[in-house]
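Q: just coords:
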């Protein structure tokens, strides 16, 4: 059943806009009582919604067994659809969106305290090809943002299939990942090996450990979001959809010198039919809750007989693996935007994150939807605690000597929030304007983080 915390009221503005086109905008009850007529009807509606979003993303249709798994996994989120009563199969939605409350990691303070910010996660946004260019996606996204803002949520977040879409609603790319390709021929590993041990393990035995290890790993840097149980089942070949891959998956666990698990890796191998000594190892997931775990797991993955290439499709952009090798050119990295953030409450968002140095800045934020617009004074004290206040017009017009002042859109504020994007980079690109000389560099000093933000999966 939909988690009550996710059951936000539908946005009336979006409902009216869609109704003007003869479209019905509604939320599903995803957890009806099993065995009742109403429960069966709600289950069937949820299954049609699941099939609709799969069609929207050009995925294969779900089997009855897969539908059962997905219904259970996606029962808690707010499940919204749009229906067209004039369509040939009017019971099938022509647009979908799912959303839920979720913590977002903001990294650790200098003292090792993990910081998080509750946000509104948005996913599975699809519009049928028969109904494109009718403003349906706009109604869905603005409806989600208005509902989240009304509920007091400070930020919305999503991962995107296309990078040209979501900036129009004030989302900015905040965390990137890198696809790594490593040539292991004649590779020499130079990083000192930790004293723990890497164990080969079955994926089923690893399953009880992975949520906590991933939580610990994710809190070390900003950008990560907790995964649902079905995500882990799919990764480990334990779900109906991925069971066929189970025999191809291999897993290892790193234990420290006290025997405590501190990380794991899941990978698969593919051979070259014309050369048995030319295998490619694909890292499906690498999780390290400590630096020692990261080093030990990379050493294991790169030190394989009959393997010439290691591919890791999703790693942090600052993964230190190239610095663990005598030849850093063996590592080729292709970065890509991944997590996008939309700030709804400037004060809550900026005061939640950690800061390493004291200082201040005045941010003049524009926002087409008005949620975050205003002149905001950010002040960080010597203990790293931040306060954000509305700047008086006198200060905004005549800042104190040495006060850095920048003007930017809310999308760029989202890009800066986790420290993964430089204000100086945005200034050069024309995405941020300095109102005082050197303000972008001064703001970067405030927002700098020790590790690049990283989201470890798609949602």
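A: Noted; the coordinates are in hand. Just so it is clear, the structure is predicted and the values come from calculations on it, not from any experiment.
Q: and the helices in this protein?
A: Taking DSSP state H, the helices of the chain run over residues 12-19, 37-56, 64-73, 136-150, 203-206, 210-218, 229-235, 291-302, 346-352, 393-397, 410-417, 423-428, 439-447.
Q: pick the most deeply packed of those helices.
A: Each of the helices of the chain was given a mean neighbour count from mean count of other CB atoms under 10 Å, and the largest, a mean of 26, is that of helix 410-417. (C-beta placed from N, C-alpha, C; glycine too.)
Q: tell me what that helix is packed against?
A: strand 172-183, strand 331-343, helix 346-352, strand 359-366, helix 423-428 (3 or more CB pairs under 8 Å, 6 or more residues apart in numbering; DSSP states H and E).
Q: quick check: angle from the second one to strand 172-183?
A: Right, the one you point to is strand 331-343. Inter-element angle recorded for strand 331-343 and strand 172-183: 170 degrees (by axes from the mean of the first three to the mean of the last three CA atoms, to 10 degrees).
Q: given strand 331-343, what are its sheet partners and their directions?
A: Here the strand partners of strand 331-343, with direction, are listed using DSSP bridges: strand 155-159 (antiparallel), strand 172-183 (antiparallel).
Q: and the helix or strand bottoming out on mean pLDDT in the chain, what does it pack onto?
A: Among the helices and strands of the chain, helix 393-397 carries the lowest confidence by mean pLDDT, DSSP states H and E, at a mean of 77. Using 3+ CB pairs under 8 Å, 6+ apart as the contact criterion, the secondary-structure elements in contact with helix 393-397 are strand 359-366, strand 374-380.
Q: dump the residue contacts of the nearest residue to residue 149 once chain neighbours are set aside.
A: With sequence-adjacent residues excluded and distances taken as CB to CB, 6 or more residues apart in numbering, residue 149 is closest to residue 344, at 4.7 Å. Residues touching residue 344, when contacts are defined by CB atoms under 8 Å, 6 or more residues apart in numbering, comprise 120, 145, 148-149, 153-156, 371-372.
Q: what do you get for residue 99?
A: For residue 99, the contact set (CB under 8 Å, 6+ apart) comprises 6, 8, 77-78, 80, 120-123, 144, 148.
Q: next: residue 453.
A: Residues touching residue 453, when contacts are defined by CB under 8 Å, 6+ apart, comprise 107, 174-175, 221-223, 339, 418-420.
Q: need those residues in TSV with distance to residue 43, neighbour count and pLDDT, can you?
A: Converted to TSV, these look like this (distance: CB to CB, whole Å; neighbours: other CB atoms under 10 Å; pLDDT from 0 to 100):
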residue	distance to residue 43	neighbour count	pLDDT
107	41	24	95
174	36	29	98
175	36	29	98
221	39	25	96
222	38	29	97
223	35	29	98
339	32	27	98
418	39	26	98
419	44	27	97
420	41	27	96
